[in-house]
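Novice: Task: produce atomic coordinates for the following.
(2 chains)
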There are 2 protein chains.
Amino acid sequence: QIFDAVVESEKQQQTNNQAWLGLKTFWQGKSLLITAGPTYENIDPVRFIGNRSSGKMGFAIAETAAKAGAKVTLIAGPVNLATPQNVKRIDVRSAEQMFDAVQQHYASVDVFISAAAVADFRVADMAQQKIKKQSDSDEMTLKLIKNPDIVAWVAQQVDKPFVVGFAAETQNVIEYAKDKLVRKNLDMICANQVGDNLGFESNENELVLITAQHQQTNPLSSKSQQALDLLSFIAKNEAIR
Amino acid sequence: QIFDAVVESEKQQQTNNQAWLGLKTFWQGKSLLITAGPTYENIDPVRFIGNRSSGKMGFAIAETAAKAGAKVTLIAGPVNLATPQNVKRIDVRSAEQMFDAVQQHYASVDVFISAAAVADFRVADMAQQKIKKQSDSDEMTLKLIKNPDIVAWVAQQVDKPFVVGFAAETQNVIEYAKDKLVRKNLDMICANQVGDNLGFESNENELVLITAQHQQTNPLSSKSQQALDLLSFIAKNEAIR
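Specialist: Numbering: from 1, shown residues only, chains lettered A, B, ... in the order given. Sure thing, here's the model as predicted:
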């Protein structure tokens, strides 16, 4: 069994070495824009609506792409992660700030990967002062309005790059991802089952990579292995302008 | 000026040395329960309502009290902080989980310091699956209900310890803190002006310590200096059962 494990590990190493060669051939000199992490939508100066995205997947893609020779710009929501080497990082907090940063950068890149978990909704009327609890009311209603759909917006532009989205779902993830690929006019989508220590807040991930023609399931592995496989999938399958 | 600074720094050092002596005399063998950090209230498996509390103030108090010889139990919300030496840490996420942990521990301690920023409200109906954005609706309403008031609950118990609350406000903080001290039957309250790099998410703080008889303003300093001053204030001013 130990021998099997060694052989398995050597096989993985050989596969990775070949993948790295392909990766460098393709990505050298290409420019890549990535969003990562959650967005936080303020309710008042102290409270906000957030989500459990750690940003680790997007940061792993940024790190791997930079190692492969790509020019990488990383737009990061509020996360506790170090900036990978040779990556230009732009920190944002809300979906609207992320949208502004993406609008400034999308037109000059070859590939856009939207790995951030952008909040679908923001608070309709952000309070300028901390909202006080009224002792006589036991309920409170928060009115939310829709945020801009960043990845769909980029995919609608005439000068759009190759657009990669993520679908993080707790159920029916592949079905939902395929629908999202078509509905939002994406070039590729990464289906990501979340919950039960998968996806959010964990160091491992299981992704299904989907384009109009191809589908590839990458079994549970580290997020840096997933990043390598994802960037190789783009390199193998897609001709980018 | 350099000489003045040295004298000033030596003065501070002497004051701190004296404070440490008083601190150890008082706190040696005492037991202290502290809550720290935010609470996160789930909207669904991926989204939550949070707040900007970093937990640094509560962790600084726990560290200083343990150094002074107190037996410290620290109930921490979701924070990125290392556990101080000789501190027993209990990790929680929601206000209800924090309340459970406090109910289990309050009766066996001499002092309870509620430094956590407990969410006033939680989501009325937590969704079991990720809530989907409906493309035909541009608005969403979140119904919230009141969380238990942990510090007020402890202060109402017959076997209550010495109870210290915090009032973190963006405006009228002292006035609000004094009202909260009386209204919630607290023994002491720490008024904490937040916003503009003060309080939340920063390493420095400015606290006004208030009891029924005394009020002491501690100018802007590190959170560990504030912890020292706060624990000294308790030691100087209060006879604890």
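Novice: Tell me the residues of chain A that contact chain B?
Specialist: Residues of chain A found near chain B (C-beta under 8 Å from any C-beta of the partner chain) are A:40, A:43, A:45-53, A:80, A:117, A:119-121, A:124, A:129-130, A:133, A:137-146, A:168-171, A:194-195, A:200. Placement of C-beta: from N, CA and C, glycine included.
Novice: Residue A:129: how many residues sit nearby?
Specialist: Residue A:129 has 13 neighbouring residues, counting by other C-beta atoms under 10 Å in any protein chain shown.
Novice: what comes up buried for the helix or strand of chain A with the lowest mean pLDDT?
Specialist: Within chain A, no helix or strand scores below helix A:2-27, which has a mean of 80 by mean pLDDT, DSSP states H and E. Residues of helix A:2-27 classed as buried by neighbour count (16 or more other C-beta atoms under 10 Å in any protein chain shown): A:19-20, A:23, A:26-27.
Novice: Chain B versus residue A:10, what's the distance?
Specialist: 37 Å (C-beta to the nearest C-beta, to the nearest Å).
Novice: Now, the residues of chain A next to chain B that are in strands?
Specialist: Using DSSP state E, the members of those that fall in strands are A:47-51, A:121, A:139-146, A:168-169.
Novice: Which of those sits closest to residue A:95?
Specialist: Proximity of these to residue A:95 (C-beta to C-beta) peaks at residue A:121, which lies at 8.9 Å.
Novice: The nearest residue to the closest one once chain neighbours are set aside: what's it in contact with?
Specialist: Nearest residue to residue A:121 in three dimensions, chain neighbours excluded: residue A:144, at 3.8 Å (C-beta to C-beta, 6 or more residues apart in numbering or on different chains). Shown in contact with residue A:144 (C-beta atoms under 8 Å, 6 or more residues apart in numbering or on different chains): A:49, A:121-124, B:139-142.
Novice: okay, residue A:144: pLDDT?
Specialist: We have a pLDDT of 93 for residue A:144.
Novice: what does residue A:45 give?
Specialist: For residue A:45, the pLDDT comes out at 85.
Novice: Repeat that for residue A:241.
Specialist: So, for residue A:241, pLDDT stands at 50.
Novice: Find the centremost residue of chain A, please.
Specialist: Geometric centre of chain A, nearest residue: residue A:115, 0.7 Å, by C-alpha atoms, centre = their mean.
Novice: who's in contact with that residue?
Specialist: Per C-beta under 8 Å, 6+ apart, neighbours of residue A:115: A:34-36, A:57-58, A:61, A:166.
Novice: Report the residue spans of chain A with pLDDT below the cut-off.
Specialist: Residues of chain A meeting the criterion pLDDT under 70: A:1-3, A:133-136, A:195-201, A:239-241.
Novice: There's contact between residue A:57 and residue A:36 in this structure, I believe.
Specialist: Yes. Using C-beta atoms under 8 Å as the test, residue A:57 is close enough to residue A:36 to be in contact (7.2 Å).
Novice: contacts for stretch A:71-82?
Specialist: Stretch A:71-82 is contacted from outside by A:29-40, A:50, A:53-56, A:58-59, A:62, A:65-66, A:83-84, A:86-93, A:98, A:101-102, A:105, A:109, A:116-117, B:80, using C-beta under 8 Å, 6+ apart.
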